[in-house]
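J.: Next one to model:
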Amino acid sequence: MTLQENPEIIIYTDGAARGNPGPGGYGVVLLSGSYRKELSQGFNHTTNNRMELMAAVAGLEALKVKSCKVTIYTDSKYVADSVEKRWVFNWVKTNFKGKKNSDLWKRFLMVYEKHHVKFIWVKGHASIPENERCDQLAVQASFLPNLPDDTGYQSDK
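T.: From the prediction side, this is the model:
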């Protein structure tokens, strides 16, 4: 299916880590009209916040058309507040000095600027079907064999 020009996209995201740090994963559900796509990936050693942010990055990177109107639903206050309260844009001014996950925030900003993105925080484990599905995808991904290293987390130490 071909998406229309400047489509409206809904993205649900979730991240999980078993141990924090520990094995982790993210899950994403992208919706646009009748179009639906699910994404997930696991990592050997990471954190919950990194996976929450990685889910948003992966969702935005999956978009093939520029200038989409995107609403991202996340149960991560860390991610939603960092963008909606504009903290991340102040972190850019200080080159993320003293901030964790700068590699992912820089990657996020590269795709964020290509679209019109709004974050909406939703309560986790509150029977929101697509959020629950993202949680399942994230947890399942964290259990996959031979998970790659989250090199950004490794270098963040």
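
J.: List the residues that contact the nearest residue to Pro23 once chain neighbours are set aside.
T.: Excluding the flanking residues, the one nearest Pro23 by CB to CB, 6 or more residues apart in numbering is Ser142, at 4.7 Å. (Each C-beta comes from the backbone N, C-alpha and C, glycine too.) Neighbour list for Ser142: 16-18, 23-25, 42-43 [criterion: CB atoms under 8 Å, 6 or more residues apart in numbering].

J.: Dump those residues to JSON lines, plus neighbour count, distance to Lys106 and secondary structure.
T.: Converted to JSON lines, those look like this (neighbours: other CB atoms under 10 Å; distance: CB to CB, whole Å; DSSP: H, G, I helix; E, B strand; the rest coil):
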{"residue": "Ala16", "neighbour count": "27", "distance to Lys106": "23", "secondary structure": "strand"}
{"residue": "Ala17", "neighbour count": "25", "distance to Lys106": "21", "secondary structure": "strand"}
{"residue": "Arg18", "neighbour count": "14", "distance to Lys106": "26", "secondary structure": "coil"}
{"residue": "Pro23", "neighbour count": "19", "distance to Lys106": "24", "secondary structure": "strand"}
{"residue": "Gly24", "neighbour count": "31", "distance to Lys106": "20", "secondary structure": "strand"}
{"residue": "Gly25", "neighbour count": "26", "distance to Lys106": "21", "secondary structure": "strand"}
{"residue": "Gly42", "neighbour count": "25", "distance to Lys106": "22", "secondary structure": "strand"}
{"residue": "Phe43", "neighbour count": "26", "distance to Lys106": "18", "secondary structure": "strand"}
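
J.: from those residues, which is closest to Arg36?
T.: Gly25 (19.5 Å; CB to CB).
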